[in-house]
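Q: I'd like to go over a predicted model; first the sequence, then the structure.
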Amino acid sequence: MSERPASSAGTTRWRYQAADAQGAMSRGELEAVSAEAAVDQLRRRALWVIDLEPTSEAAAAAATVASGAGTSTAGFLDRLSRRTSDREEALAILTRSVATLLESGVPLERALAFAASGETDVRWQQIFAGLQAAVTRGESLSEAAARVDALPRAYAPLLAAAEASGSLAATFARLADDLEARSQLRARVRAALVYPALLALASTVGTVVILVVVVPRFADLIAGAGGTVPASTRLLIGLSALLSRFGWLLAVALVLAGTAVRQSLQDVSRRRAWHAARLRWPLVGRFEREQAAAGYLSTLAVALESGVPLLRAMALARGTVGNDALAERLAIAESAVRDGGSVSQALAGSLTSLATRLLEAGEQGGALAPLARRAATAAGEQVQRVITSAVALIEPVMILGFGGIVGFVALALLQAIYGINASSF
């Protein structure tokens, strides 16, 4: 069996997936010093890159270097955050591939067929195959996309505007940019929350083990030794007995309470009141507001860049906001704009001051879409800063809380031991 020649010094072996001007797909490997150099090689062959990544050997070498530098934890968090956003990334990749092929002059039908045959999520493959079949039957792409609930809410209206203006390739590219930005933001948020979640889980499990396993055995020793038991020890033994005997009732009660709350939030007015209260919470409210602003402004920018009218763009952007109370404010802002008000003033109570100032500058300069894009980027960065601040605050609180529980248990047990020793003399 012949060996594959080793990569030259200073170069990396890349695996690529590309298409030519007729939409024919090709796969292979090449050597280049960087990703840019690899793309340049493929372009000289009249190939347009759809996917490019280092081979497994190169990736393994990079991982070895990273682990040697002490970054194994960061690598684990990165892999976990990537796994949780695979479906979002798959849609972004397919959207990008369609945009690339359309920009290269490939007909829409063949571009959709290529996306449906790509190596990605099976569900998205089936969806794009359905879109390709609809276009083949003579339907418009936007009408076919409107019937697919799995696609983002703004997907079909943006495609409809693109079909009317003849800018389908540019709109697919903007949609891909937006999907990639959202996926990266979600991945960063999830990665930041992994460690606090693991810490909370470890603290909870540790506390339950102490109360259910350790304390009952010690209580038997104390009961056999006799003597006066301190109040702290009696409290600890009582909590342990309560959890050991009725812990399952507590679990059932928590499940029932969660189910009841979930059913209660099905009511629109209650859900809106809950969302409004959540916006007033420290850190949580700020995070939710910034995250909603990032999604709203990003969709608004994509819609405006695709030629969607302002009020329609605002309505599409409002559909990305998951907080009902905030969405209601945005609907009121749309009414104000419909009555002749400015966008920045109408959104002043719903978005951050930086976002409204950027939108005001965009209105005055006739560049609302680019300034909305900048505002979305700034809001995404602010979300990351809020998460970093929250994690920096939550971690020591959790550590101190669990340390306090362990300290209380140790103190209660030591007092019992000293009491037994004192009564024996």
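A: Cool, the structure landed.
Q: domains of the protein?
A: 13-53, 152-424 (the TED database).
Q: can you give me the offset of the first one from its chain's centre?
A: Relative to the centre of its chain, domain 13-53 is centred 29 Å away, using C-alpha atoms, centre = their mean, to the nearest Å.
Q: could we number from 18 for the rest of this?
A: From this message on, residue numbering opens at 18, which makes the last subject domain 30-70.
Q: and that domain, average pLDDT?
A: Per-residue pLDDT over domain 30-70 has a mean of 74.
Q: What separation is there between the spatially most central residue of the chain and Gly397?
A: Of all residues in the chain, the one closest to the mean position by C-alpha atoms, centre = their mean is Arg203, 2.1 Å from it. Distance of Arg203 to Gly397, given as C-beta to C-beta, to the nearest Å: 10 Å. The C-beta positions use only the backbone N, C-alpha and C, and glycine is treated the same way.
Q: same deal with Val232?
A: 47 Å.
Q: With Ala427 instead?
A: 45 Å.
Q: Which residue of the two possesses the greater neighbour count?
A: Ranked by neighbour count (other C-beta atoms under 10 Å), Ala427 and Gly397 place Gly397 first, with 23 against 11.
Q: If you drop the residues flanking it in sequence, what lies closest to the more buried one?
A: Distance criterion C-beta to C-beta, 6 or more residues apart in numbering; nearest residue to Gly397, sequence neighbours excluded, is Ala311 at 4.5 Å.
Q: wouldn't that neighbour be in contact with Arg402 here?
A: No. The criterion here is C-beta atoms under 8 Å, and Ala311 misses it with Arg402 at 12.0 Å.
Q: Could you export the domains of the chain to JSON lines, including columns for distance to Ala150?
A: Output for the domains of the chain, formatted as JSON lines (distance: least, C-beta to C-beta, whole Å):
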{"stretch": "domain 30-70", "distance to Ala150": "16"}
{"stretch": "domain 169-441", "distance to Ala150": "16"}
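Q: can you tell which of these is closest to Ser114?
A: Counting by C-beta to C-beta, Ser114 lies closest to domain 30-70 out of the domains of the chain; the figure is 4.7 Å.
Q: Quick check, Arg289 in contact with Ala342.
A: Yes. Using C-beta under 8 Å, Arg289 makes contact with Ala342 at a distance of 5.3 Å.
Q: next SSE after the helix or strand the residue nearest to Gly397 falls within?
A: Secondary-structure assignment from DSSP states H and E places Ala311 in helix 301-322. The helix or strand immediately downstream of helix 301-322 is helix 327-335, counting by DSSP H and E.
Q: Okay, angle between that next one and helix 301-322 too, please.
A: Going by axes from the mean of the first three to the mean of the last three C-alpha atoms, to 10 degrees, helix 327-335 is angled at 140 degrees with respect to helix 301-322.
Q: which residues sit against helix 327-335?
A: Here helix 327-335 makes contact (C-beta atoms under 8 Å, 6 or more residues apart in numbering) with 170-171, 174-175, 312-314, 316-317, 320-321, 325, 344, 347-348, 350-351, 354-355, 360, 385.
Q: show me where the stretch 168-317 of the chain has helices.
A: Listed in chain order, the helices of the stretch 168-317 of the chain (DSSP state H, counting those that start in this stretch) span 172-182, 185-226, 232-242, 248-281, 285-296, 301-322.
Q: just for this structure, where's the confidence low?
A: Scanning the chain for pLDDT under 70 picks out 18-27, 36-42, 65-68, 73-103, 135-138, 240-246, 436-442.
Q: for it, what's the longest helix?
A: In the chain, with assignment by DSSP state H, the single longest helix is helix 385-441.
Q: quick one: it to helix 248-281, angle?
A: Going by the same axes, to 10 degrees, helix 385-441 makes 150 degrees with helix 248-281.
Q: List the buried residues of stretch 294-308.
A: Residues of stretch 294-308 classed as buried by neighbour count (16 or more other C-beta atoms under 10 Å): 296, 303-308.
Q: which SS class is Gly339?
A: coil (DSSP: H, G, I helix; E, B strand; the rest coil).
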